[in-house]
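K.L.:
Build me a model:
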Amino acid sequence: MSRLSEYKGEINELINSLLAILQAQERSPEEVNRVKNAYEIANSAHKEQIRKSGHPYIIHPLNVAIILANLSVDIPTLCAALLHDVLEDTEVSSEELIEMLGTEVCELVKGVTKLSKFTFLSKREEQAENFRKFFLAIAQDVRVVLIKLADRMHNMQTLEYLPEYKQQETAKETMEIFAPLANRFGLNFFKWRLEDLSFKFLEPESYEQIHSMVNENRSYRENYLNGLKEALEEKIKEHQMLAEVTGRVKHFYSIHNKIKRIGSDDIFDLLAIRVIVEKERHCYEVLGIVHDLFQPLPGRFKDYVALPKSNMYQSLHTTVIGPEKRLVEIQIRTQDMHNIAEFGLAAHWKYKELGKSVSALSKYDARLSSLKQKLIEMQDEIPDADEYKKAIQIDIFTDEIFVFTPKGDLFCLPRGSTPIDFAYHVHSKVGDHCVGAKINERIGTLQNKLKNGDILEIITNKNSHPSMDWLGFVQSSSTRSKIKQWFKKNRSDEYIKYGQSIASESLTKSTYEEFLKTGVLRKLSEQMGLNSENEIFFRIGTGEISGKQLIGRLKNLGYLQKEVIEEEKESTIEEIQKPIRTKKFAKGSVAELKSFVHTFAKCCQPIPKEDIKGVISVGRGIVIHRTDCLNIQNLDNKRLIDISWDGTDESTQKFAVTLDIEFIDRIGITRDILDKIANEKINVLDVRGSRKTNKQIALLKISVEISGYECMHKLIKTISDMSDVIHVQRYSAPISKRGKK
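P.N.:
Now for the predicted structure:
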């Protein structure tokens, strides 16, 4: 007897359940027949295929379809759910699928189909490319999200049949990618279930502990919640309002996170009451009733009705002290808000199909359109699939904050964003010319982490441009990409040269020259989706690709054998010294360092006409310091080399210098200082401000690009002559740990 006949009863039960749901939703006979047709095609295509659980494969797409049918999705989505694996796992072609069920269904199926028929260099690259393809499909049709989440949910429900390593891998991916994805589209129906299912496999002991905790005092807890509900319902009725009041215990993973956050294992601190009312104004009226009835906990009220989350979640949240001094969270929302909160994209789609007028629909459409546009832009901005995956996790999945301009305009940013992120979010030109920021009317640093409700004013200077240092602290991948784009457009030559020197050192000079001559690096650039080897060098120069990663990619493509070049190793001081001590560096000038990897020390920021020394540094080449820099005083002499400024053309080079400015604080003083710098045609790299305790004295630390010694002293005098400026001096960095050795 075949597997199919053995499970015939279960299969028939699933089919009948699916059809019963469609009948209850009053679907037309034509729609029902289309779903039946999709099932027959799927059943025939999967034939005798068996899942790891031992069940016939067709049981999986049937369960996926039932999950989505319960969300009232449209018929094309339902058909695609039944067929979501046929292109990937069977002999059915796209052309056949189009002929049988049309282009719309085929495109949805293709959207959730992995790139399994392509060849990849590694499993990681395959996963990243599949991830990129999936999100491009979402940008074209968001219904792909619903199918993929339902598919993942049923896979998680049957995860115990897979090997332990696969359980961990799948659960981790679900927690990191698919649960946040559900949240981004407002699909709490999927989010909570996916989190709990992942939690069960990732932390089984903690899961069982919370499971036991929830079950231990179930009857007592239910009585407690019922008492709260009755008291609240009675008060609401007194105000002649209709409301549905329900009580619940939070989901397991939510409880786990809250226990970790507040350090309590008292399950009564984790209870929740939900109140569903008729109209939006009733939300606030019920809030007043709740606060009259129970003492609110200060600082625990959140108004997501007036200020919805980016996924259009709306609700009032308040935490109160209930009977027996138990903390209870209460959520208040309308039925439409509840539907959007639980079913997000699915509810939105249903409302639009029905032509129902819901106030949130137009806003949801706008947010959805913005999200799709962002996904498309990120495809163009970030060609590397692995980087794209990281960018999605940062820019799309992270929690968000809301910040305001002084005029009251609202902006939504990823949590952890800085003023630089905000500036680029407003416009690329604002970011490119950003030199400082006022946060809540006080000077802040460009590295400040913004908080919910911050009022932000960006200070710009038309002569300034981005600094590579920004890449070290900005949060948004989109911001990071725009900064790199500026350097690619305006400073690409120097980063290409720097990348070439790193590549030459990493591969050895002879191998590097051979690979250039034979076109190996050009072929590598094609494999990476780049236009030329110069784009590889630029990425190496900006730090996107390390020398070790370059070697790894060449090994994967078979251009390097492991025995020829083993893992990238650090050179010894002696190995770095060897070429420097030869005739290549006979005069000992900065001009001769063009053929060596070198940088100017940030601690002392040397400029022409100042006495300098070179420090041979493992991994950094030669670092040029001022001779009076405290960080080089105790270094071994064999690491030091004599260097002069001979041959340095100050008219074509720029050097970074940081000034400490002390001044009497007043409105507009920072802008006045920046205007003075702009008048000198000097570029500002960074501005950081602070205020002295209990004094009306403020400090600015401003980094600028200058051409040389005279330029710096002229600038210092110009700023010193300002009436409110007390003192200006060259910044002196503290001694580093490395310098103390």
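K.L.:
Show me the domain layout of the chain.
P.N.:
3-200, 211-350, 398-488, 491-556, 573-600+608-643, 655-740 (automatic domain parsing).
K.L.:
Could you tell me the least trusted of the ones you listed?
P.N.:
Mean pLDDT is lowest for domain 573-600+608-643 out of those, coming in at a mean of 72.
K.L.:
Columns mean neighbour count on top of the domains of the chain, output as CSV?
P.N.:
Every residue, glycine included, has its C-beta placed from N, CA and C. Shown next, in CSV, are these (neighbours: other Cβ atoms under 10 Å):
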stretch, mean neighbour count
domain 3-200, 19
domain 211-350, 17
domain 398-488, 18
domain 491-556, 17
domain 573-600+608-643, 16
domain 655-740, 16
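K.L.:
does the closest residue to Arg539 other than its chain neighbours sit in a helix or strand, and which one?
P.N.:
Take Arg539 and drop its neighbours on the chain: the residue closest to it by Cβ to Cβ, 6 or more residues apart in numbering is Ile545, 4.5 Å away. For Ile545, there is no enclosing helix or strand under DSSP states H and E.
K.L.:
cool, Ile502 as well?
P.N.:
Using DSSP H and E, Ile502 sits within helix 492-507.
K.L.:
what do you get for Met100?
P.N.:
Assigned by DSSP H and E, Met100 falls within helix 94-101.
K.L.:
Using PDB, write out the CA atom coordinates for that helix.
P.N.:
The C-alpha coordinates for helix 94-101 follow below in PDB (Å, rounded to 0.1, in the frame of the first residue of the first chain):
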ATOM      1  CA  SER A  94       6.700  28.000 -15.400                       C
ATOM      2  CA  GLU A  95       5.100  27.700 -18.900                       C
ATOM      3  CA  GLU A  96       2.900  24.800 -17.900                       C
ATOM      4  CA  LEU A  97       1.900  26.600 -14.700                       C
ATOM      5  CA  ILE A  98       0.900  29.800 -16.600                       C
ATOM      6  CA  GLU A  99      -1.100  27.700 -19.100                       C
ATOM      7  CA  MET A 100      -3.000  25.900 -16.300                       C
ATOM      8  CA  LEU A 101      -3.600  28.700 -13.800                       C
END
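K.L.:
what residues does it touch?
P.N.:
Residues outside helix 94-101 that contact it (Cβ atoms under 8 Å, 6 or more residues apart in numbering) are 34, 37-38, 41, 79, 83, 86-87, 105-106, 109-110.
K.L.:
change it to 6 Å
P.N.:
Here helix 94-101 makes contact (Cβ atoms under 6 Å, 6 or more residues apart in numbering) with 41, 79, 106.
K.L.:
I'd like the distance between the closest residue to Phe190 other than its chain neighbours and Ser198.
P.N.:
With sequence-adjacent residues excluded and distances taken as Cβ to Cβ, 6+ apart, Phe190 is closest to Ala182, at 3.9 Å. Applying Cβ to Cβ, to the nearest Å, the value for Ala182 to Ser198 is 12 Å.
K.L.:
Please report phi then psi for Pro296.
P.N.:
With angles defined as degrees, to the nearest 10, Pro296 sits at phi -70, psi 150.
K.L.:
Would you confirm that it contacts Ile321?
P.N.:
No - applying Cβ atoms under 6 Å, one finds Pro296 not in contact with Ile321, separated by 7.9 Å.
K.L.:
Tell me which stretches of the stretch 551-700 of the chain form helices.
P.N.:
With helices called from DSSP state H, counting those that start in this stretch, the stretch 551-700 of the chain shows them at 573-580, 669-679.
K.L.:
Can I get the last one in PDB? Just the C-alpha atoms.
P.N.:
Coordinates of the C-alpha atoms in helix 669-679 are reproduced here as PDB (Å, rounded to 0.1, in the frame of the first residue of the first chain):
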ATOM      1  CA  ILE A 669      27.300  80.700  18.100                       C
ATOM      2  CA  THR A 670      28.000  77.300  16.500                       C
ATOM      3  CA  ARG A 671      26.600  78.400  13.200                       C
ATOM      4  CA  ASP A 672      28.700  81.600  13.300                       C
ATOM      5  CA  ILE A 673      31.900  79.500  13.900                       C
ATOM      6  CA  LEU A 674      31.000  77.200  11.000                       C
ATOM      7  CA  ASP A 675      30.400  80.300   8.800                       C
ATOM      8  CA  LYS A 676      33.900  81.600   9.600                       C
ATOM      9  CA  ILE A 677      35.300  78.200   8.600                       C
ATOM     10  CA  ALA A 678      33.200  78.100   5.400                       C
ATOM     11  CA  ASN A 679      34.400  81.600   4.400                       C
END
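K.L.:
Tell me how far Glu441 lies from Pro298.
P.N.:
Per Cβ to Cβ, Glu441 is found 25 Å from Pro298.
K.L.:
and what of Leu516?
P.N.:
For Leu516, the distance to Pro298 - Cβ to Cβ - is 66 Å.
K.L.:
What of Glu95?
P.N.:
Glu95 is 64 Å from Pro298, by Cβ to Cβ.
K.L.:
Equivalent analysis for Arg333, please.
P.N.:
Distance, Arg333 to Pro298, using Cβ to Cβ: 22 Å.
K.L.:
could you say which helix or strand contains Glu10?
P.N.:
Using DSSP H and E, Glu10 maps to helix 8-24.
K.L.:
Show me what the very next helix or strand once past that helix is packed up against.
P.N.:
Moving toward the C-terminus from helix 8-24, the next helix or strand (DSSP H and E) is helix 29-46. If you count contacts as 3 or more Cβ pairs under 6 Å, 6 or more residues apart in numbering; DSSP states H and E, helix 29-46 packs onto helix 75-82.
K.L.:
mind running it again at 10 Å?
P.N.:
helix 8-24, helix 59-69, helix 75-82, helix 86-89, helix 94-101, helix 103-111 (3 or more Cβ pairs under 10 Å, 6 or more residues apart in numbering; DSSP states H and E).
K.L.:
now the ones you listed as JSON lines including distance to Gln209?
P.N.:
Output for the helices and strands packed on helix 29-46, formatted as JSON lines (distance: least, Cβ to Cβ, whole Å):
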{"stretch": "helix 8-24", "distance to Gln209": "34"}
{"stretch": "helix 59-69", "distance to Gln209": "29"}
{"stretch": "helix 75-82", "distance to Gln209": "36"}
{"stretch": "helix 86-89", "distance to Gln209": "38"}
{"stretch": "helix 94-101", "distance to Gln209": "47"}
{"stretch": "helix 103-111", "distance to Gln209": "39"}
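K.L.:
Just tell me which of those helices ends up closest to Glu457.
P.N.:
Among the helices and strands packed on helix 29-46, the nearest to Glu457 by Cβ to Cβ is helix 103-111 (42.4 Å).
K.L.:
Next, the angle from that closest one to helix 75-82.
P.N.:
Interaxial angle of helix 103-111 relative to helix 75-82 (axes from the mean of the first three to the mean of the last three Cα atoms, to 10 degrees): 40 degrees.
K.L.:
Packing partners of helix 103-111?
P.N.:
With contacts defined as 3+ Cβ pairs under 10 Å, 6+ apart, the packing partners of helix 103-111 are helix 29-46, helix 75-82, helix 86-89, helix 94-101, helix 123-140, helix 143-157.
K.L.:
Quick one: distance of that helix to the chain centre.
P.N.:
What separates the centre of helix 103-111 from the centre of its chain is 28 Å, taken as Cα atoms, centre = their mean, to the nearest Å.
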